[in-house]
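# Attaching a predicted model along with its sequence, questions to come.
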Amino acid sequence: MDQKPHLQSNGSTYHGFCPVLLLALSLLFVFSWEIWVAIDTQRSAQQLQEQQVRAVDQAKQVQTGLEKLVRGLVELAKTDDAAKALVTKFGIKYNDPTMPTATPAP
């Protein structure tokens with residue numbers, strides 16, 4: 001009678017490998033997602049900063065053009081009545097930064 005020995009189990013044995021593996025994979029996923037969000041946020045902030053630098057440069061160019069226009073209009077107002085009416089109507093004044101302003105006496 002060749003009988004194979006029958007293995008008896010003493011009940012189910014519990015191995016903690018699967019839950020630990022799932023927890024590790026979950027943590028890896030969360031950390032990867034956090035890193036991706038941080039990189040994406042940094043990239044967006046850098047693009048925004050570049051756009052702001054371009055906007056400031058453009059504003060400086062527009063300001064220079066407007067200063068030239070105002071300077072020309074004020075100079076023209078000295079000889080032309082229509083330009084003088086515009087300067088008076090809109091209260092246009094131009095302070096020349098190269099000329100020193102009068103300082104009050106102490």
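Thanks, I have the structure now.
# can you tell me which helix or strand Tyr94 belongs to?
Using DSSP states H and E, Tyr94 maps to neither a helix nor a strand.
# Give me the neighbour count for it.
By other CB atoms under 10 Å, 13 other residues sit near Tyr94. All C-beta spots, glycine's among them, are computed from the backbone N, C-alpha and C.
# ditto for Val87
Val87: 19 surrounding residues under other CB under 10 Å.
# Excluding sequence neighbours, find me the nearest residue to it.
Ala77 (4.3 Å; CB to CB, 6 or more residues apart in numbering).
# And for Leu76?
Spatial nearest neighbour of Leu76, excluding adjacent residues (CB to CB, 6+ apart): Ala83 at 4.1 Å.
# Output the below-cut-off pLDDT ranges for the protein.
1-12, 97-106 (pLDDT under 70).
# ok, which stretches of it are strands?
In the chain, no strands are found when defined by DSSP state E.
# Hmm, the residue nearest to Val87 is touching Ala83, no?
Yes - Ala77 is within contact range of Ala83, at 4.2 Å (criterion: CB atoms under 8 Å).
# Just the helices from this structure, written as ranges.
Listed in chain order, the helices of the chain (DSSP state H) span 17-77, 81-90.
# Which of these sits closest to Asp96?
helix 17-77 (8.0 Å; CB to CB).
# What is that closest one packed up against?
Under the contact criterion of 3 or more CB pairs under 8 Å, 6 or more residues apart in numbering; DSSP states H and E, helix 17-77 touches helix 81-90.
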